[in-house]
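# Mind folding the following:
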Amino acid sequence: QVYSVELAGTYGGFFVQGEYFKYHVNRDNYVPAANVNGDPNKLNFDGAYVEASYAWGGRRTYSVNCGCYGGINPIDPFSVSGGGMGAFEVAARVSYADLTDRYNSSLIAAVQPGAVNGGRQTNYTVGFNWFLNSNMLFKFNYIHSTLDKANANARTGVASGFNMDALAGRVQFVF
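You can find the predicted model right below:
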């Protein structure tokens, strides 16, 4: 089961959106090797994101039919001969997913039957988008990602995990 709440809005060229998720997972026929407090078949995880952007040369519009915001349609589409520049957007986003339940980092994994030590991943993204017209756009993103996870084999809460940086680009055609 997944429960979520979402909020989004615009004001002029500003756009903000966020969502929180709560996941309830049932493991079928899981039988731990030792006694576990509570039902070992039921796990709980969560995650969320929040993003904000500012656009010039166009704005996001809300569609009542789908209950969502669409892309940006430039007021003056890009044109070499006509001099139009399209629309531009700068954006930032933070998101996380926590996939740990029933886990205590001060204990070794062997004494925690039924525990899940999936860790917590957090992503930080900044982006620049160029909407040439209503059918074509270029996206450029820098993403910094961290994974925090307790070492399941240590007798104390020694952290393991990693940091990652990525540059991403995309050309998108919409039909």
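# so how many other residues sit close to Y124?
For Y124, the neighbour count with other CB atoms under 10 Å is 15. Every residue, glycine included, has its C-beta placed from N, CA and C.
# and if you look at A150?
Count around A150 with other CB under 10 Å applied: 22.
# So what sits opposite it in the bridge?
A159 (DSSP bridges).
# Double-check it against A109; I have them as touching.
No: using CB atoms under 8 Å, A150 makes no contact with A109, being 9.4 Å away.
# Quick check: bridge partners of the spatially closest residue to S4 that is not a sequence neighbour?
Nearest residue to S4, sequence neighbours excluded (CB to CB, 6 or more residues apart in numbering): F21, at 4.6 Å. Under DSSP bridges, the beta-bridge partners of F21 are S4, G47.
# Same question for Y142.
In beta-bridge terms (that is, DSSP bridges), Y142 pairs with V126, L167.
# In contact with the spatially most central residue of the chain, which residues?
In the chain, the residue lying closest to the centroid (CA atoms, centre = their mean) is S95, at 4.1 Å. Contact analysis of S95 by CB atoms under 8 Å, 6 or more residues apart in numbering lists 47-50, 122-123, 125.
# Out of those, which is nearest to I75?
I75 lies nearest to T125 out of the contacts of S95, by CB to CB, at 26.2 Å.
# I'd guessed the closest one sits against R93; true?
Yes: counting by CB under 8 Å, R93 is a contact partner of T125 at 4.4 Å.
# if we can go back for a sec, can you pull the contacts of the residue nearest to S4?
2-4, 46-48.
# Out of those residues, which comes closest to D101?
D46 (9.7 Å).
# can you count the residues close to the closest one?
D46, neighbours per other CB under 10 Å, totals 16.
# What distance do you get for it to D98?
5 Å (CB to CB, to the nearest Å).
# returning to what we had before: by neighbour count, sort out the buried ones in the contacts of S95.
Neighbour-count burial (16 or more other CB atoms under 10 Å) is assigned, among the contacts of S95, to 47-49, 123, 125.
# Report the two of the residues you listed separated the most.
G47 and T125 (14.9 Å).
# Any stretches of the chain with poor pLDDT?
Applying pLDDT under 70 to the chain picks out residues 31-38, 110, 152-159.
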